[in-house]
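Quick check, what structure comes out for this input:
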Amino acid sequence: MAAHHLQVYDNDLIFSWTPREFRLKIKGSQHRQIDEYERDAQAAIFGRVANNQKKVRQTQLFNADKARKRLDKGFKDWRKARDVVSLEQHRRAKAAMKEYFKTANKEGG
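Predicted coordinates:
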């Protein structure tokens, strides 16, 4: 784990850390990865704007604040921190709008 996250391969150095120091170094590495994802999301936004796409927010790609909070609370799935409307929510909203327009478009009274 230390080699993967911290790029440290010296066993003597790794074993000299206390368990708390090790956990904090791993968490720091994960925070660095969150920052990299945030920069990638910003770069994607710039690319999308350059291609004339309409209204996109950075948090739709990756919400770094949410990921940091999830990591600090101990969640393992902090990489899934995005503000995206689920497909099921979209379907329900679409069905509700269809019902609304059926009653709203009737002429007369």
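
What is the neighbour count of Gln7?
8 (other CB atoms under 10 Å). Using the backbone N, CA and C atoms, a C-beta is placed for each residue, glycine as well.

Tell me the spacing between it and Ala41.
23 Å (CB to CB, to the nearest Å).

those strands in the protein, which residues are they?
With DSSP state E, there are no strands along the chain.

Longest helix in it, by number of residues?
helix 19-50 (DSSP state H).

mind listing what's buried in that helix?
Buried residues in helix 19-50, counting neighbours by 16 or more other CB atoms under 10 Å, are found at Lys25, Ser29, Gln30, His31, Ile34, Tyr37, Glu38, Ala41, Ile45.

Am I right that the fifth one is in contact with Asp72?
No: in this structure, Ile34 is not within contact of Asp72 by CB atoms under 8 Å, at 10.6 Å.

For Asn11, the count of nearby residues, please.
Neighbour count for Asn11, taken as other CB under 10 Å: 10.

which residues sit in contact with the nearest residue to Ile26 once chain neighbours are set aside?
Ranked by CB to CB, 6 or more residues apart in numbering and with sequence neighbours excluded, the top spatial neighbour of Ile26 is His5, at 5.4 Å. For His5, the contacting residues are Lys25, Ile26, Ser29, Gln30, by CB atoms under 8 Å, 6 or more residues apart in numbering.

gap between the two ends of stretch 9-24?
Using CA to CA, to the nearest Å, the span of stretch 9-24 from its first residue to its last is 17 Å.

This completes my enquiry, with thanks.
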